[in-house]
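S.K.: sequence below, structure please.
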Amino acid sequence: MSPAASLILLEYDEYKNCFSELGKVVYDFIFQKMKELDIHFLSLDQRIKSEESLKRKLALKDGKYNTLYDITDILGVRIITMYSDEVDKVAQLLQEIFEIDWKNSVDKRKTLGVREFGYVSLHYICALKKDNPAYTQFEGIRFEIQIRTQMQHIWSEINHDIGYKSDFTLPTSCMRSFSRLASLMEIADDMACNLRNDISEYLASVNEKIAKDEADDIEINRVSILEYAKNNGTIQNFLDEFEKICKINRIAFDPDSLIKNLDWFGFKTLGDVKNLFIKNQELALKYAEHVFKTMETEIVTSSVALRFIFNAELMRKNFTLEQILSFYSIAIRDKSRARIRAEDLLEFKKNQK
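M.R.: Next up, the predicted model:
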């Protein structure tokens, strides 16, 4: 080992705690800023390079470094995002809070050729800005920040395990599989981002149509029914009246349960849901009054409240006892309890005539 390398190891031992303290400061800066800007991330980690790792680096690049401060990754920070476009948001954030050493930073997303696939993380070499007197002890210390998506992180780990640790050149057939896997993971990254954007656009479109009362042709799915139940005035008025009857506060409903009930009746669109409430809410509230005269409970879900609309539909459509039991089996596992409920429903219906 060269004299310079030996000196660097001595400096490392002396200043290791300083790098650890800097790591905490950098972590807090990034975490608070991402929280402030509502930037979602999967993980944020910081680590100090181990002495063994530093020794290997110095041995591999003997003569390149003169002092510990010449090494830019003693402190390393890794930020993993869910989506690829969030990498750029984090990068912009880092440019605002740190000094970026552009000469030594690298955007590996831009270094691959058009026919290449592989490790595409963004690496910034940073330092604290000099305008904060509270951190003068960290002046001149650079650190590395890696930003990557979850898919890129997985690929990096695979690449490190299969590629970097190999002491031999992979055969052509393996290299081809290696490249195909890299391309698939890049495609998955893009598709995940596009899917999120498509869902966001669909949600905005659904809400716009609901607000304009033009949602009749929208198919029933988990997204549409949830937004419709939250934003449709007729449904919300029904739930308000139901709350007065049972004299308890309701909690949010499960859209999956509502979809199962709607599917049993064969309803396919939000227009079907609108008509369901228009035709049945008065009878549903009457039946609720009947039920809650004899029922004591402390809390009720909106799913239970909306089930009274379906009870009214069962009465209005003259379903038989067996058909009613079939419907109740969606939510009530106890067959004897279901039968009691069904017989009560039919008795109530008979008394309405």
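S.K.: extract the C-alpha set from stretch 187-195 and format it as CSV.
M.R.: C-alpha atoms of stretch 187-195 as CSV (Å, rounded to 0.1, in the frame of the first residue of the first chain):
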residue,chain,number,x,y,z
ILE,A,187,-39.9,-1.5,-19.6
ALA,A,188,-41.5,-2.4,-16.3
ASP,A,189,-40.3,1.0,-14.9
ASP,A,190,-41.9,2.8,-17.8
MET,A,191,-45.1,0.8,-17.7
ALA,A,192,-45.5,1.4,-13.9
CYS,A,193,-45.1,5.2,-14.4
ASN,A,194,-47.6,5.2,-17.4
LEU,A,195,-50.1,3.1,-15.4
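S.K.: what's it in contact with?
M.R.: 82-85, 149, 151-152 (C-beta atoms under 8 Å, 6 or more residues apart in numbering). Bear in mind the C-beta positions are built from the backbone N, C-alpha and C, glycine included.
S.K.: in strands only, show me these.
M.R.: Among the contacts of stretch 187-195, the members found in strands (DSSP state E) are residue 149.
S.K.: ok, so of the contacts of stretch 187-195, who is nearest residue 306?
M.R.: Closest approach between the contacts of stretch 187-195 and residue 306, by C-beta to C-beta: residue 82, at 32.7 Å.
S.K.: list the contacts for the closest residue in space to residue 271 that isn't next to it in sequence?
M.R.: Using C-beta to C-beta, 6 or more residues apart in numbering and skipping the chain neighbours, the partner closest in space to residue 271 is residue 216 (3.0 Å). Residue 216 makes contacts with 269-271, 274, as judged by C-beta under 8 Å, 6+ apart.
S.K.: one more time with 10 Å, if that's ok
M.R.: By C-beta atoms under 10 Å, 6 or more residues apart in numbering, the contact list for residue 216 reads 209, 269-275.
S.K.: going through these, which ones are buried?
M.R.: For these, a burial check counting by 16 or more other C-beta atoms under 10 Å picks out 209, 269-270, 273-274.
S.K.: farthest-apart pair in those residues, please.
M.R.: 209 and 273 (13.2 Å).
S.K.: what is in contact with these two at once?
M.R.: With contacts taken as C-beta under 10 Å, 6+ apart, the residues that reach both residue 209 and residue 273 are 215-216, 218, 224, 228.
S.K.: quick one: which of those residues is nearest residue 64?
M.R.: For the shared contacts of residue 209 and residue 273, the nearest to residue 64 is residue 224 (59.5 Å; C-beta to C-beta).
S.K.: report the rounded mean pLDDT for whichever strand or helix holds that closest one.
M.R.: Take DSSP states H and E as the rule and residue 224 turns out to sit in helix 222-231. Average pLDDT, helix 222-231: 91.
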